[in-house]
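Q: Show me how the following folds:
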Amino acid sequence: MEAIPRNYDECRFDAFCKSVLRNEAHNYRRGLKRQRDRLVSISALSQADMDKLCTADCYPSDSFTFSSHGYLHINNELVADAFASLSAQT
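A: Prediction:
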């Protein structure tokens, strides 16, 4: 027993803590690299990919509703005016 230093357990615990911290730093750097590899600059996106990212809000007040043929919703004002000027067919 005299060959083992008194602070042997402290050295083992210290080595364990350093190993845990080293592995955690490695996992963190690996995660950052994975994230960098997946990121794409907006300027590098094609127009088709940009079209997938955009959305348009559609509100009921933005469309014209006609009830002559069921309910018909028209978003374009010029088309709605043309449709409104048509005569009703029976």
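Q: Now the phi/psi pair for residue 46, please.
A: Residue 46 has phi and psi values of phi -80, psi 170 when expressed as degrees, to the nearest 10.
Q: Break this structure down into its structural domains.
A: 8-53, 55-90 (automatic domain parsing).
Q: looking at this, residue 65 is in a helix?
A: No: membership of residue 65 in a helix is not supported by DSSP: H, G, I helix; E, B strand; the rest coil, which gives strand.
Q: That one: how many residues sit nearby?
A: Residues lying near residue 65 (other C-beta atoms under 10 Å) number 10. In short, each C-beta sits where N, CA and C put it, glycine included.
Q: For it, name its beta-bridge partners.
A: Residue 65 has these beta-bridge partners by DSSP bridges: residue 73.
Q: list the contacts for it?
A: 71-74 (C-beta atoms under 8 Å, 6 or more residues apart in numbering).
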